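A.B. asks: fold the following.
(2 chains)
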Number of protein chains: 2
Amino acid sequence: MTAKRSLPLSRVYQLLEPGPVVLLSTSLKGRANVMTLSWLTMMEFEPPLVGCVISDRNHSYGILEKTRECVINVPTVELSRQVVGCGNTTGRTTDKFAVFGLTPASASRVAAPLIAECYANLECRVFDARLLSRYSFFVLEVVKAWIDPGRKDPRTLHHRGGGSFMVAGETIKLPSKMK
Amino acid sequence: MTAKRSLPLSRVYQLLEPGPVVLLSTSLKGRANVMTLSWLTMMEFEPPLVGCVISDRNHSYGILEKTRECVINVPTVELSRQVVGCGNTTGRTTDKFAVFGLTPASASRVAAPLIAECYANLECRVFDARLLSRYSFFVLEVVKAWIDPGRKDPRTLHHRGGGSFMVAGETIKLPSKMK
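C.D. replies: Numbering: from 1, shown residues only, chains lettered A, B, ... in the order given. The predicted structure follows:
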């Protein structure tokens, strides 16, 4: 477990725009849960807003709706077993932190735990729950962000479906004028 | 330009979940435009719904709002120059297809053109425009999908910000029970 540093909120988009699979952690009455998630997008730079679809069949849906807090954790390929395991099981019957050997760490702004093994952690509050009935779509605001300063080109996982995952390859520089 | 085959709509998520930078093409009064886009997410498997944020400062915003049709084209690293070029310029003053040497091809269900050089093309109609005022968020329905059958592990581009792009690396198989 590496000491993380605070990441300016203005740079959160750099973690999520490449489309990594993430682990979303929640907590209800002292009991932590985690789910695997790929359906998310940036919606605003600063304060960073993130939209994500979470089916109401997921145990995390009810917790997030109730507590309005979560952490988006960004894992790398070393955590493949845990990422897939968290996606294949349900928090209704499984203590995923225990079963998959994940380490909960205290967040600074929310009750949901950071996953220590993930190279970045985004503490979030539900910003807008009005799209739940139509699309199971949560708009989250990132209120605090953490990153492992030692990880330059994190080998994130990117879901291709049917058990296939693309692993982040090389980073190239292009003359983009975008943020 | 390779002959493309039709891709079942049930497999569209496999193209977009990994988080590639895409080129969104539109057409108004016979004049085609294209923009570079990273803020999108799957919202439903079938019919495939895709949510994307397009700032109203983009020329494409008004066209899409008016015509309610577009094509999401998925480029690979060979098109880096075009991807960055389309992001750095505006369709208000630039014919991007001409300037960047992109080939428009007829779509089957919408008036917006496919970009022939991209390895996959998703013909879309606006499904829900109610989130435009609040989030500049279009919900699109993919009505027809095309893919180059010869491209197995496409080297898609993934935006990290500040001119950095991750290029899709190796594909691995994991025991995921997810779709």
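A.B. asks: partners of the spatially most central residue of chain A in the sheet?
C.D. replies: When Cα atoms, centre = their mean is applied to chain A, the residue found nearest the centroid is A:Ile72 (2.4 Å). Counting by DSSP bridges, A:Ile72 forms beta bridges with A:Leu24, A:Leu122.
A.B. asks: let's verify the spatially closest residue to A:His59 that is not a sequence neighbour: helix, strand, or coil?
C.D. replies: Sequence neighbours aside, A:Gly91 is the residue nearest to A:His59 in space, at 3.9 Å (criterion: Cβ to Cβ, 6 or more residues apart in numbering or on different chains). C-beta here means a position set from N, CA and C on the backbone, and glycine is covered the same way. Taking DSSP: H, G, I helix; E, B strand; the rest coil as the rule, one finds A:Gly91 in the coil state.
A.B. asks: quick one: contacts for the residue in chain A positioned nearest to chain B?
C.D. replies: Residue nearest to chain B within chain A (Cβ to the nearest Cβ): A:Gly19, separated by 1.1 Å. The contact partners of A:Gly19, taken as Cβ atoms under 8 Å, 6 or more residues apart in numbering or on different chains, are A:38, A:158, B:17-20, B:158.
A.B. asks: list the contacts of A:Ser108.
C.D. replies: Applying Cβ under 8 Å, 6+ apart, the residues near A:Ser108 are A:123, A:144.
A.B. asks: so it is in which element?
C.D. replies: A:Ser108 is part of no helix or strand, with elements assigned from DSSP states H and E.
A.B. asks: next up, phi/psi of it, please.
C.D. replies: phi -100, psi -30 (degrees, to the nearest 10).
A.B. asks: do A:Val50 as well
C.D. replies: phi -130, psi 130.
A.B. asks: for it, report the pLDDT, please.
C.D. replies: Looking at A:Val50, its pLDDT reads 98.
A.B. asks: next, count neighbours for the residue nearest to it when sequence neighbours are not counted.
C.D. replies: Of all residues not flanking A:Val50 in the chain, A:Leu140 sits nearest, at 4.7 Å (Cβ to Cβ, 6+ apart). The number of residues packed near A:Leu140 is 25, by other Cβ atoms under 10 Å in any protein chain shown.
A.B. asks: one more: A:Gln14?
C.D. replies: A:Gln14: 18 neighbours (other Cβ under 10 Å).
A.B. asks: for it, which non-adjacent residue is closest in space?
C.D. replies: Closest to A:Gln14 by Cβ to Cβ, 6+ apart is B:Gly161, at 4.1 Å.
A.B. asks: contacting residues for that neighbour?
C.D. replies: Per Cβ under 8 Å, 6+ apart, neighbours of B:Gly161: A:11, A:13-14, A:17, A:178-179.
A.B. asks: related to what we said a few turns ago, looks to me like the residue of chain A closest to chain B is in a helix.
C.D. replies: No: if the criterion is three-state DSSP, then A:Gly19 is coil and not within a helix.
A.B. asks: for it, which non-adjacent residue is spatially closest?
C.D. replies: That would be B:Gly19: by Cβ to Cβ, 6+ apart, it lies 1.1 Å from A:Gly19.
A.B. asks: please apply the same query to A:Pro20.
C.D. replies: Using Cβ to Cβ, 6+ apart, the closest residue to A:Pro20 is A:Thr156 (3.7 Å).
A.B. asks: for the closest residue to A:Lys177 other than its chain neighbours, give me its contacts.
C.D. replies: Excluding the flanking residues, the one nearest A:Lys177 by Cβ to Cβ, 6+ apart is B:Asn88, at 4.6 Å. By Cβ under 8 Å, 6+ apart, B:Asn88 lies in contact with A:175-178.
A.B. asks: the same query, at a cut-off of 10 Å, please.
C.D. replies: By Cβ atoms under 10 Å, 6 or more residues apart in numbering or on different chains, the contact list for B:Asn88 reads A:174-178, B:36, B:94.
A.B. asks: same question, A:Thr41
C.D. replies: Contacts for A:Thr41 (Cβ under 10 Å, 6+ apart) come out as A:16-17, A:19, A:49-53, B:19, B:38-43, B:50-53, B:137.
A.B. asks: one more: A:Arg31?
C.D. replies: Shown in contact with A:Arg31 (Cβ under 10 Å, 6+ apart): A:63, A:91, A:95, A:97.
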